[in-house]
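Trainee: Prediction below, plus the sequence it came from.
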Amino acid sequence: MELLTTNNVWMMICTALVFFMHLGFAFLEIGLTRQKNTINILFKNIFIITVGLLLYYIAGFNLMYPGFAEDSAGIFDFAGFGLDLEAGADATYNEGYTYWTDFLFQGMFAATAATIVSGAVAERMKIGPFMIFTVFYVGLVYPIAGSWKWGGGFLEEMGFHDFAGSTLVHSVGGWAALVAVWLLGSRIGKFKDGKPQAIPGHNIPLATAGVLILWLGWFGFNGGSVLSADPETTSRVLVTTCLAAAAGGVVSAFVSLLKYKNLDLTMFLNGILGGLVGITASADVTTPGSAIIIGAIAGVLIVFAVAFIDAIKLDDPVGAIAVHLICGIWGTLAVGIFSTNPDHSFLIQLVGVGYYAVFCVVSTFIILFLLKKTVGIRVSEREELEGLDAHEHGMDAYPDFRLNEH
Amino acid sequence: MELLTTNNVWMMICTALVFFMHLGFAFLEIGLTRQKNTINILFKNIFIITVGLLLYYIAGFNLMYPGFAEDSAGIFDFAGFGLDLEAGADATYNEGYTYWTDFLFQGMFAATAATIVSGAVAERMKIGPFMIFTVFYVGLVYPIAGSWKWGGGFLEEMGFHDFAGSTLVHSVGGWAALVAVWLLGSRIGKFKDGKPQAIPGHNIPLATAGVLILWLGWFGFNGGSVLSADPETTSRVLVTTCLAAAAGGVVSAFVSLLKYKNLDLTMFLNGILGGLVGITASADVTTPGSAIIIGAIAGVLIVFAVAFIDAIKLDDPVGAIAVHLICGIWGTLAVGIFSTNPDHSFLIQLVGVGYYAVFCVVSTFIILFLLKKTVGIRVSEREELEGLDAHEHGMDAYPDFRLNEH
Amino acid sequence: MELLTTNNVWMMICTALVFFMHLGFAFLEIGLTRQKNTINILFKNIFIITVGLLLYYIAGFNLMYPGFAEDSAGIFDFAGFGLDLEAGADATYNEGYTYWTDFLFQGMFAATAATIVSGAVAERMKIGPFMIFTVFYVGLVYPIAGSWKWGGGFLEEMGFHDFAGSTLVHSVGGWAALVAVWLLGSRIGKFKDGKPQAIPGHNIPLATAGVLILWLGWFGFNGGSVLSADPETTSRVLVTTCLAAAAGGVVSAFVSLLKYKNLDLTMFLNGILGGLVGITASADVTTPGSAIIIGAIAGVLIVFAVAFIDAIKLDDPVGAIAVHLICGIWGTLAVGIFSTNPDHSFLIQLVGVGYYAVFCVVSTFIILFLLKKTVGIRVSEREELEGLDAHEHGMDAYPDFRLNEH
């Protein structure tokens, strides 16, 4: 009983920290984009966390943890709508936490995948179709994909390891971001004569705050993924997580200094996020030294991935594809290289990445292609130039901001 | 001993989260008001949390938890100034937490009531009288009112239920806000030819951050009100709290879309807060399904309450009356409708609401009326037009903010 | 086992809170300085936390906790590079927490000292030399200084008491800030005809948020310094910490009202920080009443120290010397006056302050003097006037910020 209480306290705190990541994402996304689209991004983020929780209550939780039958294929099952009130009242549901805590912790994760997409499609996607996409992606695609591993499905059976979601959360969001960015096309002015143009954001202090809040949230994202307060594992996970974040940031800053002769704060920040995403699959099975290597490689990848995505003419305003997809894949494969558990296999990790790639790309394509052909997914040129805030929301982000005389 | 330690850890974390709500309130209030009054609002918020804690140390805690005698009326008692150092050192004070933790957790609550008023009177109330009002309201009115229920007074005896303070905190602040707004009058320019005019705030990203920080803080506000880390109750409370918040937000956004044909971020945010306030009285005695209904109704109420307050020519710049008073009353009554505990009665809930209404309205009226007739409570027209920051504090909020050439 | 789990949970949460203080410092420092140097300050803060953690992993932790031999002088020892993976896996390393948690909690502290310097040298120090200074100060000076007391060195033997680091963290940072400010000289325009000129910051809301985040972080900074979740001590520490913060703020605001006839928000905020720094050495050995006195005296000191530092023509843009050095010394000496432990001695506290003064002043002088004579530590006049953001980073903090038509 004492141990259940302690475990449950830890899981509730981690739940709160993962919830708080939504402020981190919001700050990061608005900070790196233009002022005229700020309300729109905030609206999307608030929509995702509220609707995401409700959808997870209605069906998501029971899609993701359906309790696959022994002889099932472990691909799809559904345990019914709503929560099990009997189980909710049962504190012995799990030695690590209660049924209620389990639902809420997993629910906070569910919304994250759509948030990743929100940043990538910023400044040009219609709000209505984005909301529809969110409902399907958070309500169906994410929990079904999650069930394959965390819900005890076929990838779990196969021995695939993804501790806290380099693939199950970050790549799942990243693949959708990739497809969405491709279907949407680039923002007006992003490419001139075939060359990518910098479109600076409007509030770098908030973007920086966003990254620090996300790092804080990762204490809960990875720490809570232990699913108990087991002292050895939780504290080891926090150490590997923080060291990978630090290494990712420092290496990104250093590589971009070499490449661009500039002490680039944005690259430093994306490197930290890359390190965090990279360590997420293996935080429980690496040494601190390996965590630093994993983070450092993520830091290198970020710099080149951002440049590569520009080069192939994809327009990702906040670097979501580089951070969440590229480093998510890297982190998942890194399990096969650095894990201290000899059962983990590079090949199985690769297979897992492949399954998620296919499922997420196809799902996203179907949803967004249908939306594109029916209601359209992109705002008009005029709306894009004048800003989504004025046209979609009739609001300014800073309506009464004034300058002082000097 | 192990269980006490765990309970106490949970209560300390919840204390920290409730403390952090003061940043949430500050961001929300400055975000929704004009830039020229930002320093004034921040000063008030910092004043409330610091002076509030000191007053609670001096007398508030012992006014609120006086240990009513068996045969007393349970209306007023006082256990003496300062803290009981002997009890402080006694870890067996309570099975859920230590005496020190009890004081600090309750102290963080005390300041909240005045903070609610701060937002409602923003942009036109003199700082000196506001500080005097805060001292009396936080130092006397709030703890005496609280003693009736949480201190074991007559409403506790009567069977009134208010889990974490829909009435004891939010309505207590809300009633004061209502009286203050009425005595102060509306801001210059709020009503033209009898019609309410929108006076936009200056920083919607900070207002949004404020709501997310408040939601985070509610993990501690409601989670800590269990007064132990009991796994079943705490985790159930977090689930009902988060689902009500989500439902409140989504429904507010939807209703205001129907009513105003606009995807209104501010209404979305106020709906979340309304859902949180609404679930606060019953978070421990409702099912998740009921929590969603309670939150959803709060979301509807918010949209119409904001319009109604405008219609009766009350000027509440941040929507504090709609969020804290209307949804606070709703949440308290909802206990009588949705509680899983058959002892709870709608009638007794209604009686409780009535007692607090009378006490808070009368107390606030006496304090503010005396201040109005002596030192005055409203700044001069010139001060209001030029901003309270320049006149009351001699400071700008963004003194060195500059724009770049484009 | 249950108790270890609970203790470890508390320590992990405190680690997260201390980590989050870096956002507090970042917001405070950018808020109180001019917009043109914002990116530079953010870059430094991100550099400090990432590089600080890596350095602490490489050598700092083993410099600070070298396990001094019985008959050693307790001045310097080194337990080798990297972490002890065997100990890491050993959950019985310490009854209060695991080896991993110990490393991470202490690592978060290490970066703080350099952050204090960052604010003091803002707006005029070259980024390269600052990074070099950080590496030596965080990597060598801080852990060696820390080993004297927390690592079981000669000051621990002597009976010196510094609970959570009024001296070991705050004065260690403060002495470096003092020397750095002196070697750097004042910003252009700070002194005109020998009189100090106010150079207002650019974002007071973020500075205020920074102080509230720092206060939140202090729940972990002081609460975690108990090194277990012992209910009596942890909860007492939170009470003394919060009361000192409140008293420091209120007294600073009141004294500055008397002195300058102004309700000064910045002084209120610095008073809170002064109270927090002041209580940090004695939070575990004072009564709440003494905590209020310690905080109140810190509040008085802040107002006069800020004026005094101006008067002797030192230019400290954020008040770091007043807050961290002056109140750090005060807090350390206050142990000798207010401690409930009769073994604590004012004289030994004074001796401890002296040792740290000499070591930090000399170390900082050597590092910065060498840098000054070789690469130079100050930016050119043109860079200073145009801002470090443009010259050191090629970035604006708010590149797309626009004003609306009114």
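Mentor: Alright, I've got the coordinates.
Trainee: So which residues of the stretch 51-200 of chain A form helices?
Mentor: Assigned by DSSP state H, counting those that start in this stretch, the stretch 51-200 of chain A shows helices spanning A:61-64, A:85-88, A:99-120, A:127-136, A:142-147, A:154-158, A:172-184.
Trainee: any idea which of the ones you listed scores lowest on pLDDT?
Mentor: Across the helices of the stretch 51-200 of chain A, helix A:85-88 has the smallest mean pLDDT, namely a mean of 85.
Trainee: isn't A:Tyr137 right up against A:Ala176?
Mentor: Yes: counting by C-beta atoms under 8 Å, A:Tyr137 does reach A:Ala176; the two are 6.1 Å apart. For every residue, glycine as well, the C-beta is placed using N, CA and C.
Trainee: Now the common contact residues for the two.
Mentor: A:113-114, A:117, A:363-364 (C-beta atoms under 8 Å, 6 or more residues apart in numbering or on different chains).
Trainee: and of these, the nearest to chain C?
Mentor: Within the shared contacts of A:Tyr137 and A:Ala176, the smallest distance to chain C is 22.3 Å, found for A:Val117 (C-beta to the nearest C-beta).
Trainee: Now tabulate the helices of the stretch 51-200 of chain A in TSV and tack on distance to C:Gly387 and mean neighbour count.
Mentor: Formatted as TSV, the helices of the stretch 51-200 of chain A follow (distance: least, C-beta to C-beta, whole Å; neighbours: other C-beta atoms under 10 Å in any protein chain shown):
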stretch	distance to C:Gly387	mean neighbour count
helix A:61-64	50	24
helix A:85-88	56	14
helix A:99-120	28	27
helix A:127-136	37	19
helix A:142-147	44	26
helix A:154-158	52	17
helix A:172-184	34	25
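Trainee: Contacts only, for A:Arg236.
Mentor: A:284, C:88-89, C:98, C:100.
Trainee: Could you single out the nearest of those residues to C:Ile132?
Mentor: Closest approach to C:Ile132 among the contacts of A:Arg236 (C-beta to C-beta): C:Trp100, at 29.7 Å.
Trainee: ok, and the closest non-adjacent residue to the closest one?
Mentor: What sits nearest to C:Trp100 in space, not counting adjacent residues and going by C-beta to C-beta, 6 or more residues apart in numbering or on different chains, is A:Ser235, at 3.8 Å.
Trainee: same question, A:Phe43
Mentor: A:Phe43's closest residue in space is B:Leu265 (C-beta to C-beta, 6+ apart), at 4.9 Å.
Trainee: One more: A:Tyr355?
Mentor: Nearest one to A:Tyr355, counting by C-beta to C-beta, 6+ apart, is A:Leu155 at 6.6 Å.
Trainee: what do you get for A:Leu55?
Mentor: A:Leu55's closest residue in space is A:Gly139 (C-beta to C-beta, 6+ apart), at 4.0 Å.
Trainee: rewinding a little: what's the helix or strand for the residue nearest to C:Trp100?
Mentor: helix A:231-260 (DSSP states H and E).
Trainee: Mind checking the pLDDT average for that helix?
Mentor: 97.
Trainee: cool, stretch A:337-352 as well?
Mentor: pLDDT averaged over stretch A:337-352 gives 97.
Trainee: secondary structure element for the nearest residue to A:Glu95 once chain neighbours are set aside?
Mentor: For A:Glu95, ignoring the flanking residues on the chain, the nearest one in space by C-beta to C-beta, 6+ apart is A:Leu4 at 6.3 Å. For A:Leu4, the element it lies in under DSSP H and E is helix A:2-31.
Trainee: for that helix, packing partners?
Mentor: helix A:38-55, helix A:99-120, helix A:204-223, helix B:2-31, helix B:204-223, helix B:231-260, helix C:2-31 (3 or more C-beta pairs under 8 Å, 6 or more residues apart in numbering or on different chains; DSSP states H and E).
Trainee: send the alpha carbons of the third one over as PDB?
Mentor: C-alpha atoms of helix A:204-223 as PDB (Å, rounded to 0.1, in the frame of the first residue of the first chain):
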ATOM      1  CA  ILE A 204      12.600  34.200 -29.300                       C
ATOM      2  CA  PRO A 205      12.300  34.600 -25.500                       C
ATOM      3  CA  LEU A 206       9.100  32.700 -25.500                       C
ATOM      4  CA  ALA A 207      10.600  30.000 -27.900                       C
ATOM      5  CA  THR A 208      13.500  29.600 -25.400                       C
ATOM      6  CA  ALA A 209      11.100  29.400 -22.500                       C
ATOM      7  CA  GLY A 210       9.200  26.800 -24.500                       C
ATOM      8  CA  VAL A 211      12.300  24.600 -24.800                       C
ATOM      9  CA  LEU A 212      13.100  24.800 -21.100                       C
ATOM     10  CA  ILE A 213       9.400  24.000 -20.300                       C
ATOM     11  CA  LEU A 214       9.600  21.000 -22.600                       C
ATOM     12  CA  TRP A 215      12.800  19.800 -21.000                       C
ATOM     13  CA  LEU A 216      11.100  20.100 -17.600                       C
ATOM     14  CA  GLY A 217       8.100  18.200 -19.000                       C
ATOM     15  CA  TRP A 218      10.500  15.500 -20.200                       C
ATOM     16  CA  PHE A 219      11.200  14.700 -16.500                       C
ATOM     17  CA  GLY A 220       7.600  13.500 -16.500                       C
ATOM     18  CA  PHE A 221       7.500  12.100 -20.000                       C
ATOM     19  CA  ASN A 222      10.500   9.800 -19.500                       C
ATOM     20  CA  GLY A 223      10.400   9.600 -15.700                       C
END
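Trainee: Spell out which parts of the stretch 251-400 of chain A neighbour chain B.
Mentor: Within the stretch 251-400 of chain A, the positions near chain B by C-beta under 8 Å from any C-beta of the partner chain are A:392-400.
Trainee: Buried subset of these, written for ChimeraX?
Mentor: The ChimeraX command for the buried members of these (criterion: 16 or more other C-beta atoms under 10 Å in any protein chain shown) is given here:
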select /A:392,393,395,396,397,398,399,400
